[in-house]
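A.B. asks: A structural model of the following input is requested.
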Amino acid sequence: MSNTIGETAGKIWKYLDKNGATSVSKITTETGINKNDIQRAIGWLSKEDKLSIEMKGRAETLSLK
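C.D. replies: Modelled structure (predicted):
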């Protein structure tokens, strides 16, 4: 499970590096990664202090620090 979360975190990091700040729902749609794995990877990246999370209305927007 840790490998899957780490791999997903890497995919999200690369996506954000390429595309900039993006909503969680857009990342889910565009990457095809399931929502549970996305949430776990967000936790991983947050723990490593590599992610900024901002609420814009009802949408969570992620960006790299």
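
A.B. asks: Now do the phi/psi pair for residue 22.
C.D. replies: Backbone torsions for residue 22, taken as degrees, to the nearest 10, come to phi -150, psi 150.

A.B. asks: Check the offset of the helix or strand harbouring residue 41 from the chain's centre.
C.D. replies: In this assignment (DSSP states H and E), residue 41 forms part of helix 35-47. Chain-centre distance of helix 35-47: 6 Å, with Cα atoms, centre = their mean, to the nearest Å.

A.B. asks: Tell me the strands beside the next helix or strand after that helix, with direction?
C.D. replies: Sequence-wise, the next helix or strand beyond helix 35-47 is strand 51-56, with elements assigned using DSSP H and E. Looking at strand 51-56 with DSSP bridges, its partner strands are strand 59-64 (antiparallel).

A.B. asks: Buried residues, the partner strand. List them.
C.D. replies: 61-62 (16 or more other Cβ atoms under 10 Å). Any C-beta I mention is one placed from the backbone N, CA and C, and that applies to glycine too.

A.B. asks: picking up where we left off before, which helices and strands does the helix holding residue 41 pack with?
C.D. replies: Under the contact criterion of 3 or more Cβ pairs under 8 Å, 6 or more residues apart in numbering; DSSP states H and E, helix 35-47 touches helix 2-19, helix 24-31, strand 51-56.

A.B. asks: Identify the residues contacting the last one?
C.D. replies: If you take Cβ atoms under 8 Å, 6 or more residues apart in numbering as the criterion, strand 51-56 is touched by 16, 21, 23, 42, 45-46, 60-65.

A.B. asks: got the helices and strands packed on helix 35-47 as TSV, with distance to residue 37, mean neighbour count and mean pLDDT columns?
C.D. replies: TSV is the format used below for the helices and strands packed on helix 35-47 (distance: least, Cβ to Cβ, whole Å; neighbours: other Cβ atoms under 10 Å; pLDDT from 0 to 100):
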stretch	distance to residue 37	mean neighbour count	mean pLDDT
helix 2-19	5	15	93
helix 24-31	9	14	94
strand 51-56	15	12	92
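
A.B. asks: Tell me which of those lies nearest to residue 38.
C.D. replies: Among the helices and strands packed on helix 35-47, helix 24-31 comes nearest to residue 38, with 5.4 Å by Cβ to Cβ.

A.B. asks: If anything else comes up later, I'll come back, but that's it for now.
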